[in-house]
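Visitor: below is the sequence, then the predicted model.
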Amino acid sequence: MIDIRRRGLMLVLSSPSGAGKTTISRSLLQRDSNLVMSVSVTTRKQRPGETPGVDYDFIDKPAFDRMIERDELLEYAHVFGNYYGTPRGPVEKALTAGKDVLFDIDWQGTQQLAQRARTDLVSVFVLPPSTAELERRLRGRAQDPPEVVNARMAKASDEMSHWAEYDYVVVNEDLVDCVTKVEGILKAERTKRHRQTGLVDFVKRLREGD
């Protein structure tokens with residue numbers, strides 16, 4: 001099997017809370033061994049069922065501020081009273097090794113990634129099939145108190161207004177279909193010429209008759 005060296009890409013999934021990006025992310029990770037999750041740091045409290053270092057790295061605000069001062073974050077944002085950010089080091093290490101890195105971040109973080117690393121970025125915005133379905137999913141997961149759900153619904157319209165800033169847009173009406181579409185995007189983006197860093201040597205060998 002021919003294996004041409006490739007630089008990894010950063011696959012961003014964004015959506016309003018409840019539209020399904022986290023579920024889609026988990027499915028992609030289970031099905032693709034070359035895809036790794038970017039583990040964000042956050043100042044929010046750990047939720048039941050979350051594992052430090054897997055779901056998030058939970059730190060306090062002074063530690064978060066130090067990471068900003070040292071330029072150790074590719075992006076960061078203030079969301080619903082908490083801070084979230086992406087550590088630079090692990091992402092760059094994965095990309096250099098040819099691994100693709102999956103991001104579950106909002107439009108603010110995506111804008112920052114685009115400013116810092118546009119050629120590595122592939123951005124996908126996930127829309128819900130309807131506002132009513134979005135609210136049903138938020139209330140059904142029972143992770144947040146009613147006032148937080150109401151705040152998320154109030155913010156959803158603003159979040160969805162940024163859809164046109166993304167490379168791709170998918171509607172999560174059916175999870176399996178939505179995951180299949182994102183897998184297709186990933187497959188196509190992996191074969192783009194500028195990401196295949198080993199093509200120069202490969203073509204050279206072909207022209208020399210190897």
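Guide: Arrived safely, thanks for sending. Numbers count the residues shown, from 1 in each chain.

Visitor: list the contacts of Leu29.
Guide: Contacts for Leu29 (CB atoms under 8 Å, 6 or more residues apart in numbering) come out as 35-37, 102. C-beta here means a position set from N, CA and C on the backbone, and glycine is covered the same way.

Visitor: next, count neighbours for Glu189.
Guide: 16 (other CB atoms under 10 Å).

Visitor: correction: Arg195
Guide: That count, for Arg195 with other CB under 10 Å as the rule, works out to 19.

Visitor: my read: it touches Met10, true?
Guide: No: look at Arg195 against Met10 with CB atoms under 8 Å: they stay out of range, at 11.1 Å.

Visitor: circling back: in strands, which of the contacts of Leu29 fall?
Guide: 35-37, 102 (DSSP state E).

Visitor: so Phe64 is in which element?
Guide: helix 61-69 (DSSP states H and E).

Visitor: ranges for the strands of this protein?
Guide: For the chain, the strands defined by DSSP E occupy 10-14, 35-37, 40-42, 56-58, 73-79, 82-87, 100-104, 121-127, 168-171.

Visitor: ok, Val122 touching Glu189?
Guide: Yes: because the distance of 4.8 Å satisfies CB under 8 Å, Val122 is recorded as touching Glu189.

Visitor: who touches both of these two?
Guide: 9, 11.

Visitor: sorry, back to before: quickly check the ones in strands among the contacts of Leu29 for the two that are furthest apart.
Guide: Leu35 and Met37 (7.8 Å; CB to CB).

Visitor: so what sits against both of those two?
Guide: 29, 101-102.

Visitor: which residues does the closest residue to Ala94 other than its chain neighbours bridge with?
Guide: Computed as CB to CB, 6 or more residues apart in numbering, the closest residue to Ala94 that is not its neighbour in sequence is Val101, at 5.1 Å. For Val101, the beta-bridge partners under DSSP bridges are Met10, Val36.
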